[in-house]
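J.: can't give you the sequence, but here's the structure:
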């Protein structure tokens, strides 16, 4: 069963829901811990379990944040590499004879414009259209390359144009792969579940020891949920509040304007 729909939810829904789950676990733990039978038990063991649960939560948060951040950096690197590949292909296209030169540059400008808005704003249908359009432009560019190569098989500019075009096509696939894959949703469920367990133990410990700090518990729940949502937001490149900058592609497109 696929749970990828979770990544399609808005943060305005995910964040409050996560806070309610974590804060609710802490409140429930506190109420259980305040029962007379529980209060008679020693709190030393509960304190050890609470510390262990919070330590495990910190480990999972750090691990998932590192993965999400590395994926974000990979997507940003893909944008830069694609911009460089498009610019290099355009430079080699300038060495082609007319009319192949003008046709290739026009197609590359259209291709750069499509890649700037790839999947943004978030819309699966738009992403499919962008991918289809990208493939169509690649096919037309290859047709130009085939025609030039057939006309001058020993042409060095044509050879370099073909190599650069091939690299541009390879980056297309790598960027799509980086866009489509993220931290698995079951891992996020485990992370939220671990946060609930850790905060539940924290609430239970405070109940056993006779302390009740709802404001502190709420603040802690807010912070844990915020870190989890940061991991989710980093791993959703096409929607949310954190976006991969595409200024390099914009610069590449502007550099090919007549």
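T.: Here it is on my side, so go on. In this text, all values refer to a predicted model and were calculated from it rather than measured experimentally. Numbering: from 1, shown residues only.

J.: give the contact list for residue 95.
T.: Shown in contact with residue 95 (C-beta atoms under 8 Å, 6 or more residues apart in numbering): 101, 157, 160, 161. In this view, the C-beta of every residue, glycine as well, is placed from N, C-alpha and C.

J.: shouldn't the third one be in contact with residue 94?
T.: Think residue 160. No. Applying C-beta atoms under 8 Å, one finds residue 160 not in contact with residue 94, separated by 11.1 Å.

J.: Apart from its chain neighbours, what residue comes closest to residue 105?
T.: Closest residue to residue 105 apart from its sequence neighbours, by C-beta to C-beta, 6 or more residues apart in numbering: residue 93 at 5.4 Å.

J.: what packs against the longest helix along the chain?
T.: For the chain, the longest helix by residue count, based on DSSP state H, is helix 44-93. With contacts defined as 3 or more C-beta pairs under 8 Å, 6 or more residues apart in numbering; DSSP states H and E, the packing partners of helix 44-93 are helix 100-116, helix 156-180, helix 185-208, helix 214-234, helix 247-255.

J.: As CSV, these with mean pLDDT would be great.
T.: What follows is the helices and strands packed on helix 44-93, written out as CSV (pLDDT from 0 to 100):
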stretch, mean pLDDT
helix 100-116, 93
helix 156-180, 90
helix 185-208, 88
helix 214-234, 87
helix 247-255, 91
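
J.: Now for residue 159, how many residues are close by?
T.: Residue neighbour count, defined by other C-beta atoms under 10 Å, stands at 16 for residue 159.

J.: do you know how far it is from residue 166?
T.: Relative to residue 166, residue 159 is positioned 11 Å away (C-beta to C-beta, to the nearest Å).

J.: Need the three-state assignment for residue 121.
T.: coil (DSSP: H, G, I helix; E, B strand; the rest coil).

J.: Please disregard the earlier target; I meant residue 138.
T.: With three-state DSSP as the criterion, residue 138 reads helix.

J.: what's around it, how many residues?
T.: By other C-beta under 10 Å, 16 other residues sit near residue 138.

J.: can you check the one 5 residues further on too?
T.: The number of residues packed near residue 143 is 12, by other C-beta under 10 Å.

J.: same deal with residue 178?
T.: When counting by other C-beta under 10 Å, one arrives at 19 neighbours for residue 178.
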